[in-house]
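**Student:** What follows is a protein structure lacking sequence information:
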């Protein structure tokens, strides 16, 4: 029987072979020939391994195999088409991309790297333009307010990027790509494990001129132009060592490094627009963890990380006081998370832990600042079996977290999740959650030299969602997900002009985001074909009047589409994987007053990958076309997106 | 979305240049018809089916032609004032940041370029930039008198000088020390040059280290400062009527200035306004309020005695006025 409570026990057993430091661990050898069932183990929804059917929120998982088959090398491309998740993209190549979950802004959507906060303390964002999927084992997307587990920024949802681990035995690989607009990418990787030691390392460089063609329309005439100043050169290196000295103890150390030089030309407002600004990024992160499985009821884990990032922004076209604009931002973050995972009975367990962090910033635009964070969280799971009733099982997930900060007020985030098992076969489970989450003000808003406001309060949100997930056999397997959500956010920080024309942030606005996410995934022919169709409807509006007679009250927030839809077909035949995907985004307002908008758009992309055995090696070729039908569109007003683009990759693997 | 209306041709009216938000390409032009007293919004878009561009800084009128300087679209849009038809577009060059314009004659204009620390020479007939004259840091306002152009070098608050360009040689003949943060430059009916110095901000979070706005009076005969008028607060520009009364919008109030005696004669009205304009024949004072900067602002029209005549809502951030007569 597939009772999720039993699966929790199984999950616990399976976890013997997993390192909690990389929660969830790497799944068995991957291929696209998998029937995704709801027994898949996910970790982000509960901070521990849990079967997907039993968690209180809708989870989307993107596996390594899917990431390799889909078009695009960036992680954001792998996340294309996830319900409730949309990206704000400012161009092509490695240009800035931020994620928005459930209509919440990018700094209200939390991104984790192996379970640890990745959002910047300076601006609350993660720049997805710098994240490639090469070192990613899988991505879990959990929708809903999750501050009760993860603290600040988890107002719309959480994206957990789980990195790849040392392989069994020995592997080595190399690949090279070329693509449109002088794109080249080269990658080397090596990995080995023996006994109690495992290692994996990867080096990748991707660069391009970014001089893509696009159409510019001033309302009367359309001209084809070439984007200038959007070249990029990104180097990433990752290394991970795992050491399991004795069976109950596992440990790891990992280091990742990114060095990027990107042009950031800015908006195109006329045929002569030619921005020359440049962004430099250098980031290094050292992480480590130890897991100690004391017995089958208690596992202790400690994770530590240190991150250093140095970003520069220069614009030779802007002279201020006789000098060109030249900003630098140096961020240092240290975090320490001791955590206990306990299972007192098959029906009761949970996690409790502390998160201690120290974040500091030095910049010529921001007054120097340091923040000490002390947080405490408890999240539990209670299974109540009702064998004589439908629903036959009810699982409650109460959680609470207390966050305190040295420079701003903290918050208490409670949450209650519910999962009801209605049917086993076909599977039908109902889910609901209700809770509070928050976002601590970031350094940019507090300490910006010209206008920062150190007395900002945290933004707060109350979120409710309810939905269902079902899986039934239908010449294969059909899985259906649907959720309704409503998020009421208040004390939203907005920069407004004050006396003398000086802009300053204040906690002023309230926003209500409501929507429905639906998805159907059909897998058939023994997993050789997977068809996905999903659609999200959302309504995100400002509900407050910032002053009497505020005409932007009740208006939609900018860049929140009313509807998005996605269709994809993934087909594996012989040694070939073919992916075809189509996304549709409806019109989005570009002014707070809702008198201007960007039209909706459709983009179709495809990729095909083919494996060829070569003695003891395997070789593979991958071809991709993005924007097959040459749609001219903008995600953010005045940042043109590229027309059709091609990429071809050749790789070998041992 | 309401479709903007095409204005009925009229001989007298006020163009309101709505700056729009930086980087959003939502600048627009409104027209307040002084014969029918109707307000038309997005006139440029309605007549030409074309987007005005990003951040419209100012508008100048000469005869039947209007020149709208669109700062972040690096261009000047030319319209026929009888029909509002866009007759041509003058690009000011990639990377330029054009702000204010002064017309030398029918074919030549001087336009301040904020980031180039220079004044561009623009040929209005051949439609292009034909040269540039280096001035001080971050020039804003410009006005022409006695064969010379007077350029306010704001330095983004750190500047203190006014560059005097000789139109005969097209080069800077003299640099006059004014006061902190020179911004607006206007000509009085008495022939004097008024430079509105907005006052510096120093450390933005500390209002105590700000310096007050001052009006510097320059005699174009000698190109020297002949008077300094303390305005107080922060003021960007002055609008002067044909009767010699000037109006300065500063922090908290609009002041009346007598340009014959160079004295502040009193408060015209209370409130903090963004920009001021004066209509020549009636002496009416136009004051703009951008409100939250993300919704249409409000223009209030006052009679010279301080009585409010009417109010209307043009576009986003109404920044300047141009009067057609």
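**Tutor:** Received, thanks. All values reported here derive from a predicted model rather than from experimental measurement.

**Student:** where does the stretch 251-400 of chain A have low pLDDT?
**Tutor:** A:321-322 (pLDDT under 70).

**Student:** What parts of it come near chain B?
**Tutor:** Within the stretch 251-400 of chain A, the positions near chain B by C-beta under 8 Å from any C-beta of the partner chain are A:266-267, A:269-274, A:276, A:317-322. Bear in mind the C-beta positions are built from the backbone N, C-alpha and C, glycine included.

**Student:** what ranges do the strands span in the stretch 401-550 of chain A?
**Tutor:** Under the criterion DSSP state E, counting those that start in this stretch, the stretch 401-550 of chain A contains strands at A:411-423, A:427-439, A:459-473, A:477-497, A:503-524, A:529-542.

**Student:** element containing the residue positioned nearest the centre of chain A, please.
**Tutor:** Among the residues of chain A, residue A:159 comes closest to the average C-alpha position under C-alpha atoms, centre = their mean, at 3.6 Å. In the assignment (DSSP states H and E), residue A:159 maps to strand A:157-163.

**Student:** Show me what that strand is packed up against.
**Tutor:** For strand A:157-163, the elements it packs on are strand A:97-101, strand A:110-113, strand A:136-143, judged by 3 or more C-beta pairs under 8 Å, 6 or more residues apart in numbering or on different chains; DSSP states H and E.

**Student:** By neighbour count, which bits of the first one are buried? Give me those.
**Tutor:** If you call a residue buried by 16 or more other C-beta atoms under 10 Å in any protein chain shown, then strand A:97-101 has these buried ones: A:97, A:98, A:99, A:100, A:101.

**Student:** before we move on, the earlier item: farthest pair within the residues of the stretch 251-400 of chain A next to chain B?
**Tutor:** A:271 and A:321 (30.9 Å; C-beta to C-beta).

**Student:** Of these two, which one has the most company?
**Tutor:** Each of residue A:271 and residue A:321 has its neighbours counted (other C-beta atoms under 10 Å in any protein chain shown); residue A:271 has more, 17 against 11.

**Student:** And what about residue A:107, helix, strand or coil?
**Tutor:** helix (DSSP: H, G, I helix; E, B strand; the rest coil).

**Student:** Leaving out chain neighbours, which residue sits closest to it?
**Tutor:** residue A:124 (3.0 Å; C-beta to C-beta, 6 or more residues apart in numbering or on different chains).

**Student:** and what of residue A:104?
**Tutor:** residue A:156 (3.2 Å).

**Student:** Surely the one you found and residue A:103 touch.
**Tutor:** Yes: look at residue A:156 against residue A:103 with C-beta atoms under 8 Å: they come within range, at 6.9 Å.

**Student:** anything in contact with each of these two?
**Tutor:** A:487, A:513 (C-beta atoms under 8 Å, 6 or more residues apart in numbering or on different chains).

**Student:** quick one: the helices in the chain?
**Tutor:** This is for chain A. Under the criterion DSSP state H, helices of chain A are mapped to A:4-14, A:64-69, A:75-78, A:147-150, A:443-447.

**Student:** I was after chain B.
**Tutor:** Using DSSP H, helices in chain B cover B:43-48.

**Student:** Low-confidence ranges, the stretch 1-150 of chain B, go.
**Tutor:** B:1-4.

**Student:** Around chain A, pick out the residues from it.
**Tutor:** B:1, B:21, B:23-26, B:45, B:48-51, B:53-54, B:70, B:72-75, B:91, B:93-95, B:115-117, B:137-138.

**Student:** Got a PyMOL select line for the buried ones in the residues you listed?
**Tutor:** Command for PyMOL, covering only those of those found buried under the criterion 16+ other C-beta under 10 Å:
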select buried, chain B and resi 21+23+24+25+26+45+48+50+51+53+54+70+72+73+74+75+91+93+95+115+116+117+137+138
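
**Student:** Next, check the residues of the stretch 1-150 of chain B next to chain A against the strands and list the overlap.
**Tutor:** Secondary structure defined by DSSP state E assigns B:70, B:75, B:91 of those to strands.

**Student:** I'd like the distance between the last one and residue A:193.
**Tutor:** Residue B:91 is 62 Å from residue A:193, where distance means C-beta to C-beta, to the nearest Å.
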